[in-house]
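K.L.:
build me a structure from this.
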Amino acid sequence: MRLNELISDFVIAVTNEEETVMQKLSRPLPFDSFSERDQFILENLIRKSLVSKVRHNNIVLVRINEKT
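P.N.:
Numbering: from 1, shown residues only. Reported below is the predicted structural model:
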C-alpha cells in the first residue's frame, strides 16, 4: 500500500491570523512591508511550507507556494 493511498486528504492546520496574512499575498510582497506581528506569522507559514521567501534584486519577497 502506498503512502498516497493512506493519506487521501492531507490538510495543514492554519489559524485565522495565518489565513488573513496569506490573503494579503495575492502577489509577491517585500517581507519588510509587513508589521512585526505579520512577519512572525509569515515565519510560521514558512516553517509549514505554505509561504516562501525569495530574494530578488537584494529585496526579500514573500509569496504563497503553489498548491498541488
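
K.L.:
number of nearby residues for the spatially closest residue to Ile12 that is not a sequence neighbour?
P.N.:
Among residues not flanking Ile12 along the chain, Lys48 sits closest, at 5.5 Å (Cβ to Cβ, 6 or more residues apart in numbering). The C-beta positions use only the backbone N, C-alpha and C, and glycine is treated the same way. Each residue near Lys48 was counted by other Cβ atoms under 10 Å, and the total is 13.

K.L.:
all strands of this protein, in order?
P.N.:
29-30, 51-56, 59-64 (DSSP state E).

K.L.:
residues touching the second one, excluding its own?
P.N.:
With Cβ atoms under 8 Å, 6 or more residues apart in numbering as the contact definition, strand 51-56 has outside contacts at 22, 25, 28, 31, 42, 45-46, 60-65.

K.L.:
among those residues, which pair sits farthest apart?
P.N.:
For the contacts of strand 51-56, the maximum inter-member distance is 17.4 Å, found between Met22 and Val60 (Cβ to Cβ).

K.L.:
when the two are compared, which one has more neighbours?
P.N.:
Per other Cβ under 10 Å, whichever of Met22 and Val60 has more neighbours is Met22, with 17 against 11.

K.L.:
where does the protein have low pLDDT?
P.N.:
Across the chain, the ranges flagged by pLDDT under 70 are 1-6, 8, 67-68.

K.L.:
for it, which segments count as helices?
P.N.:
Assigned by DSSP state H, the helices in the chain fall at 3-6, 16-23, 36-47.

K.L.:
so what's the residue nearest the centre of the chain closest to, chain neighbours aside?
P.N.:
Nearest to the geometric centre of the chain sits Val51, at 2.2 Å (Cα atoms, centre = their mean). Nearest residue to Val51 in three dimensions, chain neighbours excluded: Leu45, at 4.0 Å (Cβ to Cβ, 6+ apart).
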